[in-house]
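Undergrad: Kindly generate the corresponding structure for this input.
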Amino acid sequence: MYRKHSSRRSRCGFTLVELLVVIAIIGILIGLLLPAVQAAREAARRMKCASNLKQIGIAMHAYHSALETFPPGKISDIQPDGYTDKGNLFGWGALILPFCEAAQVQDLCDFNKKAYEEENLKAGQTILPIYICPTDSDREVREVEYYNPDKGWALEKLELAPSHYAGVITEKISEKGKETKEDGYTLKNDNRGVMLETRAISASDIRDGLSNTLMLAEASSYETATPKTYDNGSWLMGTNIFRKNDREINFRPGCECFQKGTWWWNPDGSGDSNCDCSNYQYDFRSQHPGGAHALICDGSVRFLSAQMNMNELAALITRSGSD
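TA: Next comes the predicted model:
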């Protein structure tokens, strides 16, 4: 009599349903983990950005120790009327190079010529990591536009390396600051901050206190157009911040001309009152969520919240406003 032996086939692998369940679980875990990874990466980038400004602050104070003033925000040819900005010359970023271990780059600069002349392009096209925020994707040499006063203010283009940090020159959002608005962007009465046009400020001039006054802040480019407008974001020529609106830090106006980088005028040169973005062109802005870094005159770095009170920001901008 034979005994029947039932053989059971051993199971290997997963069923389709089990595979789908595993894939779904992995997808959920990745979805939960990804924001944390992105947040950690952004935190690291923010730390590096703050470190850049800290190193710039050390260079600023070394400059002050050597020359007894901080550098001007930008060197311009001021005319006798006190108003006319004849041309964009070297900015603070070019002046402090020997104090931030970049003397070899400053050696390429010919300060007897205009910053936009050919002799200075090699220096101006040098990428300097200390002026680059790692969160900002605009980190390569790119084309910018500027108006050449030596050629009847003709619009010309240059290839220049960027800077994501700008000197704080003035504010026009407080009642006292608004009094200077009719003077335009620069010069005669736009002198309430520290990084001025062709005027060097010393620590003793900052009567509100070094720890209560801004020197630099992030000024990331939001423009999507190429070339970038004007000299915005060039360490060679120097970019300055004029706080001209009372919207929050990192505010992006919805007007199309700002996004494309055409400012407030039409391609034919005529002004467009429906697309006036000039109030936002030189302002506090970064690619960090929630605010922007700023260098304080005492050398410390502070993250300015996008929710901060604008009267407080105006008070931080002025160097001797008793505020």
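
Undergrad: from here on, contacts and neighbour counts on C-alpha atoms
TA: Will do.

Undergrad: Next up, the contacts around the residue positioned nearest the centre of the chain.
TA: The C-alpha lying nearest the average C-alpha coordinate of the chain belongs to Ala219 (C-alpha atoms, centre = their mean; 2.2 Å). In this structure, Ala219 makes contact with 164-166, 233, 241, 282-286, judged by C-alpha atoms under 8 Å, 6 or more residues apart in numbering.

Undergrad: Out of these, which comes closest to Glu68?
TA: Ala166 (21.3 Å; C-alpha to C-alpha).

Undergrad: what number of residues lie near the nearest residue to Thr239 once chain neighbours are set aside?
TA: Spatial nearest neighbour of Thr239, chain neighbours left out: Ala166 (5.1 Å); criterion: C-alpha to C-alpha, 6 or more residues apart in numbering. Ala166 has 32 neighbouring residues, counting by other C-alpha atoms under 10 Å.

Undergrad: So Ala166: helix, strand or coil?
TA: Secondary structure state of Ala166, per DSSP: H, G, I helix; E, B strand; the rest coil, is strand.

Undergrad: Make sure it is actually in contact with Ile241.
TA: Yes - assessed by C-alpha atoms under 8 Å, Ala166 is found in contact with Ile241 at 6.1 Å.

Undergrad: Overlap of the contact sets of the two?
TA: Common neighbours of Ala166 and Ile241 (C-alpha under 8 Å, 6+ apart) are 217, 219.

Undergrad: wouldn't Gln106 be in contact with Leu97 here?
TA: Yes - at 6.0 Å, Gln106 counts as touching Leu97 under the criterion of C-alpha under 8 Å.

Undergrad: what sits in contact with each of these two?
TA: Common neighbours of Gln106 and Leu97, counting by C-alpha under 8 Å, 6+ apart, are absent.

Undergrad: any idea which of the contacts of Ala219 is closest to Pro149?
TA: Gly233 (19.7 Å).

Undergrad: Contacts only, for the closest one.
TA: 162-166, 219-221, 239.

Undergrad: can you map out the helices along the stretch 151-300 of the chain?
TA: 175-178, 256-260, 278-281 (DSSP state H, counting those that start in this stretch).

Undergrad: Where among the ones you listed is average confidence lowest?
TA: Mean pLDDT per stretch puts helix 256-260 lowest among the helices of the stretch 151-300 of the chain, at a mean of 63.

Undergrad: could I get the contacts of Gly233 as CSV with pLDDT and distance to Ser137?
TA: Output for those, formatted as CSV (pLDDT from 0 to 100; distance: C-alpha to C-alpha, whole Å):
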residue, pLDDT, distance to Ser137
Pro162, 88, 11
Ser163, 90, 12
His164, 91, 10
Tyr165, 93, 14
Ala166, 91, 17
Ala219, 87, 13
Ser220, 82, 10
Ser221, 72, 10
Thr239, 72, 18
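
Undergrad: What mean pLDDT does the helix or strand that contains Gln38 get?
TA: Assigned by DSSP states H and E, Gln38 falls within helix 16-67. Across helix 16-67, the average pLDDT comes to 88.

Undergrad: and what of stretch 299-316?
TA: Stretch 299-316 comes out at a mean pLDDT of 93.
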